[in-house]
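J.: need a structure here:
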Amino acid sequence: MVIAVSTNVWYFGAAGLVSLAAFVGLILVPAISSFGRWHERFAAGFLSLMILGGLVTIGVLAGLAWVLVSNDVTGINPFSDG
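T.: Below is the predicted model of the structure:
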C-alpha cells in the first residue's frame, strides 16, 4: 500500500529533525557533559527536556493562534465545506 505524502509534510518533517538534532547537539549534550556526578547529569538532562517541552508548547499554541486569527482558512481546512 502506497501512501501519498505532500511535499510540505516532508519539509516540515526535515525541519523538525534538524531542529531536534540542533537541540541535542547544542543544548542537551553540553548540559549533560558539564557535570560530573550522575544525579547532576540527570537533573541537567531533565531540565533541558523540560525547556524543550515548553518551547514546543509555545510553538504549537502560536501556530493554533495564527490559524484561528486568520480570516480565511477554508482553503487549508479539510473539514470545511468550501
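J.: check the secondary structure at residue 5 for me.
T.: Of the three states, residue 5 takes coil according to DSSP: H, G, I helix; E, B strand; the rest coil.
J.: phi, psi for it please.
T.: Summarising the backbone geometry of residue 5 under the convention degrees, to the nearest 10, its torsions are phi -120, psi 130.
J.: and it, how close does it get to residue 11?
T.: Note on residue 5: its distance to residue 11, by CB to CB, to the nearest Å, is 11 Å. C-beta coordinates here come from the backbone N, C-alpha and C atoms, glycine included.
J.: again, but for residue 58
T.: 21 Å.
J.: which residue lies nearest the spatial centre of this structure?
T.: Central residue check for the chain by CA atoms, centre = their mean: the C-alpha nearest the mean position is that of residue 56, 4.8 Å away.
J.: which parts of the lengthiest helix in the chain are buried?
T.: If you go by DSSP state H, the chain has its longest helix at helix 38-69. By neighbour count, and taking 16 or more other CB atoms under 10 Å as the criterion, the buried residues in helix 38-69 are 44, 48, 52.
J.: how far is it from where the chain is centred?
T.: Taking the mean of its C-alpha atoms, helix 38-69 sits 8 Å from the chain's own mean (CA atoms, centre = their mean, to the nearest Å).
J.: also stretch 29-36?
T.: Using CA atoms, centre = their mean, the mean C-alpha position of stretch 29-36 is found 23 Å from that of the whole chain.
J.: please apply the same query to stretch 14-23.
T.: For stretch 14-23, the gap between its own C-alpha mean and the chain's C-alpha mean amounts to 8 Å (CA atoms, centre = their mean).
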